[in-house]
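**Q** would you be able to build a 3D model of this:
(chains A and B)
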Amino acid sequence: MQLKIYILVFSCVFFFGINAQIIEKDTLNTVTVLAKKDSILKLTVITSNVPHYVINNDKLNEISANDIGDALKYVPGTYIKDYGGIGGLKTVSYRSLGASHTSVEVDGIILPTTQTAVVNLSSFDVFSTQQIEMTSGQVQNHFSTASAYVKSNILSIQSQLNTIPNNKYNLKLMGLTNSINSYQNGVFYQQKITSKLSLGIQGLATYGSGKYSFSIQNVDSTYTAVRQNADLTNYNIRGGFTYKASHLKVFLNGSYVNNFQQLPGAVVLYNPFNDQTLAKTIRNTALNVQYKKNKYAIGFNAFNQQSLTTYRDNQFLNQQGFLENNYDNNTFGTGVIMIRFLNTETQKIFLGGDLLLSSLKGSQFMVMPTRIGVNSVLGLSKWWRRFKIQGNVSHQWIKDITPTDTNYISHFSPFISISYLPIKNKQIRFRTHYKNTYRQPSFNDLYYNFIGNKNLKAENAQSFNFGFTYGKTIRAIHIESTIDVYQNNIKDKIVAIPTKNLFNWSMQNIGNVLSRGLDLNILFTIKKHKHKISFSTGHSLNASIDVTDKNSPTYRHQIPYTPNYSGNYTFTYGFKKTFYTLTVLHSGSRYILNENTPYNLLDGFIDIGFAISKTFLFKHQSFYCNLQGANLLNKNYEMIKSYPMPGRHIRIKVVYQFNK
Amino acid sequence: MKSIFIIIVLFLTFTACKKDKPQPSTTESTYTNGVLCMNEGLFQQNNASLSYYSLDSNKVISHIFQKINGRGLGDTANDMIEYTYNGKRYIAIAVDISSQVEILTYENLKSVKQIPVFNGNMAREPRALQFYNDKLYSINFDGTVSVIDLTTYSIIQNISCGVNPDNAVIINNLMYIVNSGGLNYPVYDSTISVLNLNTLLVTDTVITAINCSQIVADAQNEIYVLSRGNYSNILPKLQRIDPITNQVIQEFNIETYEMTYFNDKIYYFNDADSKIYTFNTTTESVEGPLIDCSNYQNIYGIQIDEINQLIYTNDANGYVNSSTIRCYDMNGSFKYEFDTDLNTGKLIFMN
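**A** Predicted coordinates for the structure are as follows:
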């Protein structure tokens, strides 16, 4: 009933409310300062009402990222939980909000996370990626559907396949070799069938033993060994049709991923043996339609994802001699977003709704849950004098059906943001936003045998942001910067705790965190003749403390895996088609557990890389090569305790392109 | 405007936090009046450790093993015992996930030998230790007992018992090994293997309730074994076993996961009301309550200092924080408490 009223109200506002709008001239709409060909330099979006970072394909190459997780390390405010090695798990925590607070959108489709609530970022390669965007608060793409509005942060990935080629034929071949025994081969082919329709197909193979030597400090001695049991074989095939006419864009695609990997596990002192494997098959089909005419636009998408996962431990000490867990997760989703532009394209009112159906069968689930989810959003973007206002209300509704129970969760999430341009025609902007979001419990949280708790509530996160953005061009010099301070209040965190004794653990809504911080990003570029210099740096300060219980020994302690300070630097010098890039990633020390004792401290680190890349251009053909020395200081560090990152290593990447 | 940013950058760069690392605090030359605490640490964190509480200074020296030996104890310590060999006192520690048995001298806690316990590439995972007749016995989670020669510090024989043994007790020349079968869930083991320590042959198997863990023997050599049930609909219980017939002769519905034996009494923590009671092994009846533990977060052990006649309890504080050790006299009156490290298990009362 509540839902029906709410849809009715939203519909009325959408169709009738717009006539009442006072139309303002959009004179303050800012001009993009950097031309597209210089976009390698870009990271932070200074015209945005909310923290918004863009990393395009050139930038991904510049920082020699192996995957999307690597690239996000350059976004201020992120902490990548990186288990190291090839195929190692990478999840993003942004401003102390864990991975479950970040939606991942690939070509307009929000990836389903009903089973685990998180997405492994190492499964998104650079080869097939055109651009990634990290946004906090509200997604900034017009055609994102309602599911993109319900979480605190969103990572959008646009793949190259979802682009229209300029040429009739477009062939790309890639080879990559890494001295940590990891290899990658990719092929990408696009062909125009008609002037509006093109066909694309890509294949990527990632493989290798993943063996690398590492050292871990064992008090006064150093334990040096080679990372074992890290074999990876991953095949990723994707194909699709893209249709683009003046008002209509359609992208229909399908993909198949086959992944088999050994899990190197934690480095355990005095016991180097480990034998666990993970096999995964994912099938994806997706359709994305965007229609835009005059003041109206409509977006539609539908997808299906089937994922089969098998985890096996061959050293499990039961009578069988091994442990095998299987999971079969199937999700279908569809969504519509309707937009009415108000005078200009930066002003709009929009309404959208998504439907999601997801089911899970698993050897660790006595109940086989099915989830029906409905997400909806109503929003507005509007200029008013020198103020830009963005606001939306999103709603999540979930019905979980198991053989024994039916559970409902329903939450409204408001978002409001205001930015202010104090000086006409100047790139100076103050921005602020507030958002309240609810992270839904996953199937694992609710129904996993023994530990799952079907009475869980959603995790509640409130975010406040206040920022300042600045951009200026003086002849050949260009500066862009954003600085944001924030506060996040997280309540009812979903954590596993022992209820009575060691043998009875359960998921509970326990834990409140108060997180305060500052994110700063500065870009400085000089362009003269054929010389190009850019310097980009990001810095984050973060004080995130446990405020759960005054009587707890960890009250007001910094939460685990949250450095007080982290920063990065990228220097690039380019001459004609040759680029030299120095990258520095730095993180302060972090605690591995709630209790802030010196013995729970994980050392900070500095990771320095240097890369040379050169593009050779021929008629219809180009040849790109990139040589990178990574972790040049050869200091083994850990992002996650007991999972050492590789030491100094070399990476060579070559890309051949043919366009005609 | 630019200069403001540069100042901020410089400020941030030079204020990058550097936290205090553990200082190598002083250790003591001998350990004769205190409590040595084995901290299990956490799985895959390599942070098993020892803490020493000095009864002279009333201070805790944490991470004493690594301070003395310059290396970590390893991953997940499970048991710690003291023994005397060739007239010299030693301490042995079973380090489960690292799959090592660590031998220390009693007097200065220096490592004498680290004995790997492996079956080829498979960790056997030592869970409990026993000493008998100049040999050390490691009860391993892979379903074996390793016999360790203390002259050569090598494993001379591995004997198969049941699935996932967790504890053992020795009566005369017989070792009663409790097979939990914990990793074989839902089909838990429900046996005790009886190992003759003279012949090193398993001579008998006692049928018990499922998932037994702790085992004690009383002054009459009767055996009491604790079944943990299945943590849901099958509740824990205490079983009394006749050592002559190797048969369960009595069962008591006692809801507990932690117990210890001293002087005709089993001291156990009653889950239902969070109190420590005693079970008299001569009258076979419950007495008490003795200690109210409602202020505890997670009780993780009861041990008795037999010489000084004191009861010690471990509180694991949620299993991810430092443990609290509380001391009581035999009447249950609180005496003092101190904090150790992650998941304190065994204590040794050093004298």
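**Q** please make it C-alpha for all contacts and neighbour counts, starting now.
**A** Fine.
**Q** over to the nearest residue to B:Ile171 once chain neighbours are set aside: give its phi and psi.
**A** Leaving aside its sequence neighbours, B:Ile171 sits nearest to B:Asn221 (C-alpha to C-alpha, 6 or more residues apart in numbering or on different chains; 6.7 Å). When read as degrees, to the nearest 10, the backbone of B:Asn221 gives phi 60, psi 20.
**Q** so what strands line up beside the host helix or strand of A:Arg238?
**A** Per DSSP states H and E: A:Arg238 is located in strand A:232-244. Counting by DSSP bridges, the strands paired with strand A:232-244 are strand A:197-208 (antiparallel), strand A:248-263 (antiparallel).
**Q** which regions of the chain lie under the pLDDT threshold?
**A** Reading this off chain A. Residues of chain A meeting the criterion pLDDT under 70: A:1-42, A:499-501.
**Q** please go with chain B instead
**A** Segments of chain B classed as low confidence (criterion: pLDDT under 70) are B:1-26.
**Q** thinking again about what came up before, can I get the strands paired with strand A:232-244 in TSV with mean neighbour count?
**A** Putting those into TSV (neighbours: other C-alpha atoms under 10 Å in any protein chain shown) gives the following:
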stretch	mean neighbour count
strand A:197-208	21
strand A:248-263	20
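**Q** could you dump those to TSV with distance to A:Asn301?
**A** Output for the strands paired with strand A:232-244, formatted as TSV (distance: least, C-alpha to C-alpha, whole Å):
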stretch	distance to A:Asn301
strand A:197-208	19
strand A:248-263	9
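**Q** for the residue of the stretch 501-650 of chain A found nearest chain B, grab phi and psi.
**A** Across the stretch 501-650 of chain A, the shortest distance to chain B (C-alpha to the nearest C-alpha) belongs to A:Pro598, at 5.4 Å. Here is the backbone geometry of A:Pro598 (degrees, to the nearest 10): phi -60, psi -30.
**Q** picking that back up, gap between the strand holding A:Arg238 and the chain center?
**A** 19 Å (C-alpha atoms, centre = their mean, to the nearest Å).
**Q** also stretch A:51-66?
**A** That offset, for stretch A:51-66, works out to 12 Å (C-alpha atoms, centre = their mean).
**Q** contacting residues for the residue nearest the centre of chain A?
**A** Against the mean C-alpha coordinate of chain A, by C-alpha atoms, centre = their mean, the closest residue is A:Leu155 at 3.7 Å. Going by C-alpha atoms under 8 Å, 6 or more residues apart in numbering or on different chains, A:Leu155 touches A:Thr102, A:Ser103, A:Val104, A:Glu105, A:Ile132, A:Glu133, A:Met134, A:Thr135.
**Q** ditto for A:Tyr296
**A** The neighbours of A:Tyr296, taking C-alpha under 8 Å, 6+ apart as the test, are A:Met338, A:Ile339, A:Arg340, A:Phe341.
**Q** closest to chain B out of the residues you listed?
**A** A:Phe341 (35.5 Å).
**Q** surely that closest one meets A:Gln347?
**A** Yes: the pair A:Phe341 / A:Gln347 is scored as a contact, 5.8 Å apart, by C-alpha atoms under 8 Å.
**Q** picking up where we left off before, now intersect the contacts of A:Tyr296 with the strands, please.
**A** Under the assignment DSSP state E, the contacts of A:Tyr296 contribute A:Met338, A:Ile339, A:Arg340, A:Phe341 to strands.
**Q** from what I see, the second one and A:Glu345 are in contact.
**A** No: if you go by C-alpha under 8 Å, A:Ile339 and A:Glu345 don't touch, sitting 10.0 Å apart.
**Q** so which of those two has more stuff around it?
**A** A:Ile339 (23 against 14; other C-alpha atoms under 10 Å in any protein chain shown).
**Q** three-state assignment of the residue of chain A positioned farthest from its centre?
**A** Within chain A, A:Gln319 marks the point farthest from the mean C-alpha position, 41.3 Å out by C-alpha atoms, centre = their mean. What DSSP: H, G, I helix; E, B strand; the rest coil gives for A:Gln319 is coil.
**Q** enumerate the residues of chain A near chain B.
**A** Within chain A, the residues that sit near chain B (C-alpha under 8 Å from any C-alpha of the partner chain) are A:218-221, A:266-271, A:273, A:315-319, A:497-498, A:500-504, A:522, A:539, A:553, A:564-566, A:588-589, A:593-595, A:598-599, A:601, A:641-642.
**Q** what about 6 Å?
**A** Within chain A, the residues that sit near chain B (C-alpha under 6 Å from any C-alpha of the partner chain) are A:218-220, A:266, A:269-271, A:273, A:317-318, A:501, A:565, A:588, A:598.
**Q** strands - which of the residues you listed land there?
**A** Among these, DSSP E puts A:Asn218, A:Tyr565 in strands.
**Q** now the residues of chain A next to chain B in CSV, with neighbour count?
**A** Listed next are the residues of chain A next to chain B as CSV, based on neighbours: other C-alpha under 10 Å:
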residue, neighbour count
A:Asn218, 17
A:Val219, 13
A:Asp220, 12
A:Ala266, 19
A:Leu269, 23
A:Tyr270, 19
A:Asn271, 20
A:Phe273, 18
A:Leu317, 23
A:Asn318, 20
A:Asn501, 20
A:Tyr565, 25
A:Gly588, 20
A:Pro598, 13
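**Q** farthest pair within the residues of chain A next to chain B?
**A** By the measure C-alpha to C-alpha, A:Asn318 and A:Tyr565 form the most distant pair in the residues of chain A next to chain B, at 44.5 Å.
**Q** tally of neighbours for the residue nearest to B:Ile171?
**A** 15.
**Q** can you tell me how far it sits from A:Asp220?
**A** 47 Å (C-alpha to C-alpha, to the nearest Å).
**Q** with B:Ile223 instead?
**A** B:Ile223 is 45 Å from A:Asp220, by C-alpha to C-alpha.
**Q** could you do A:Ala146 as well?
**A** 54 Å.
**Q** again with A:Tyr183
**A** For A:Tyr183 relative to A:Asp220 (C-alpha to C-alpha), the value is 36 Å.
**Q** what does A:Pro563 give?
**A** Applying C-alpha to C-alpha to A:Pro563 and A:Asp220 gives a distance of 25 Å.
**Q** likewise A:Asp546?
**A** Distance, A:Asp546 to A:Asp220, by C-alpha to C-alpha: 32 Å.
**Q** over to A:Val126?
**A** Counting by C-alpha to C-alpha - A:Val126 and A:Asp220 are separated by 40 Å.
**Q** does chain A have contacts with stretch B:83-103?
**A** Yes: using C-alpha under 6 Å from any C-alpha, we find that stretch B:83-103 touches chain A at B:Ser98.
**Q** straight-line length of that stretch, end to end?
**A** OK, stretch B:83-103 end separation, C-alpha to C-alpha: 10 Å.
**Q** who touches that stretch?
**A** A:269-271, B:74-82, B:104-106, B:111-117, B:123, B:125-127 (C-alpha atoms under 6 Å, 6 or more residues apart in numbering or on different chains).
**Q** please spell out the ChimeraX selection for the buried subset of those.
**A** Here is the ChimeraX command that selects the buried residues among the contacts of stretch B:83-103 (16 or more other C-alpha atoms under 10 Å in any protein chain shown):
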select /A:269,270,271 /B:74,75,76,77,78,79,80,81,82,104,105,106,111,113,114,115,116,117,123,125,126,127
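**Q** residue ranges for the helices of the chain, please.
**A** As the question left the chain open, I've gone with chain A. For chain A, the helices defined by DSSP state H occupy A:2-16, A:57-62, A:68-72, A:443-447.
**Q** not quite, go with chain B.
**A** Here chain B has its helices, by DSSP H, at B:2-14, B:64-69.
**Q** right, I'll call it a day here.
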